[in-house]
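Undergrad: Coordinates for the following, if possible.
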Amino acid sequence: MAVASCCRHVAVRDVPPDRRRGGELRVLLGPRTVGSTSGFMGVATLLPGEKIAEHYHPYSEEFLYVATGGIVVDCDDVPVAVAAGEGLYIPVGARHRLRNTGAEPASVVFHLGPLAPRPELGHVDTEQAEGTAEAEGTGQAGQAEEAGSAGETRGGGGARQAVTVTAGQARPEPLLPGQVSTGQVGTERADGDPVASA
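TA: Numbering: from 1, shown residues only. Here you go, the predicted structure:
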């Protein structure tokens, strides 16, 4: 299929997987891959039992769509089950972790926007991924060559809600009020790829 010259086409097979924060993430459409300026989109694959470590995005809201399988997203410590064919909105600053608690692989499409002012500010880790060099104390997992890491805090504010949407019907899930986190700022590549976001 031909793609118009103004459009950019990227295949999953052409993007190397990033496993630094758990699962397997690929940013397909982002500043580096297609020159986007307002956000980025990719796919996360989680095998049964895998998780993407808890983190938050101080500048971006995140949209998740589960294409296959099912996941549980812990939004500010409240578990929200998201099945195939369902979407989840994660507000700016909400801590979240993705877990595959099922028996089959899960494929999750994610989109974040807007972009952070600088790539290294777009993703803040609040826990370490299991099996990474950082979690094992042997290195600085999650650091990109283009950016260093720095401390970041998030102020709490009133209650937020994550909304799960199924077949045109929204059902709000209450979340806890925000809490201050002194987690490590994870880095993003210059393309807005949150080293292992989602």
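Undergrad: What ranges in the chain fall below the confidence cut-off?
TA: 1-4, 131-198 (pLDDT under 70).
Undergrad: hang on, residue 40 packs against residue 116?
TA: No: using C-beta atoms under 8 Å as the test, residue 40 is too far from residue 116 to be in contact (10.8 Å). No exception for glycine: its C-beta is placed from N, CA and C like everyone else's.
Undergrad: more crowded one of the two?
TA: Applying other C-beta atoms under 10 Å to residue 40 and residue 116 shows that residue 40 carries more neighbours, namely 26 against 17.
Undergrad: For the closest residue to the more buried one other than its chain neighbours, grab phi and psi.
TA: Closest residue to residue 40 apart from its sequence neighbours, by C-beta to C-beta, 6 or more residues apart in numbering: residue 30 at 3.4 Å. Main-chain dihedrals, residue 30, degrees, to the nearest 10: phi -160, psi -180.
Undergrad: And residue 30, how far from residue 107?
TA: Residue 30 sits at a distance of 18 Å from residue 107 (criterion: C-beta to C-beta, to the nearest Å).
Undergrad: out of these two, which sits in the busier spot?
TA: Set residue 30 next to residue 107 and count neighbours by other C-beta under 10 Å: residue 30 wins out with 25 against 18.
Undergrad: The more buried one and residue 41 touch, don't they?
TA: Yes: proximity of residue 30 to residue 41 meets the contact threshold set by C-beta under 8 Å, at 7.4 Å.
Undergrad: quick one: residue 10 and residue 29 touch, right?
TA: Yes: counting by C-beta under 8 Å, residue 10 touches residue 29, with 6.1 Å between them.
Undergrad: who's more crowded, the two?
TA: Using other C-beta under 10 Å as the criterion, residue 10 and residue 29 rank with residue 29 on top: 20 against 16.
Undergrad: so how many other residues sit close to residue 58?
TA: 18.
Undergrad: scratch that, residue 11 is what I was asking about
TA: Using other C-beta under 10 Å, residue 11 is surrounded by 8 other residues.
Undergrad: Spit out the contact partners of it.
TA: If you count contacts by C-beta atoms under 8 Å, 6 or more residues apart in numbering, residue 11 has them with residue 28.
Undergrad: go again using 6 Å as the cut-off
TA: By C-beta atoms under 6 Å, 6 or more residues apart in numbering, residue 11 lies in contact with nothing.
Undergrad: roughly how far apart are it and residue 92?
TA: Counting by C-beta to C-beta - residue 11 and residue 92 are separated by 30 Å.
Undergrad: now the helices: where do they sit in the protein?
TA: All helices of the chain, identified by DSSP state H, fall at 31-34.
Undergrad: now residue 113, nearest residue through space, not along the chain?
TA: residue 39 (2.6 Å).
Undergrad: next one: residue 68
TA: Nearest to residue 68 is residue 107, by C-beta to C-beta, 6+ apart, at 4.5 Å.
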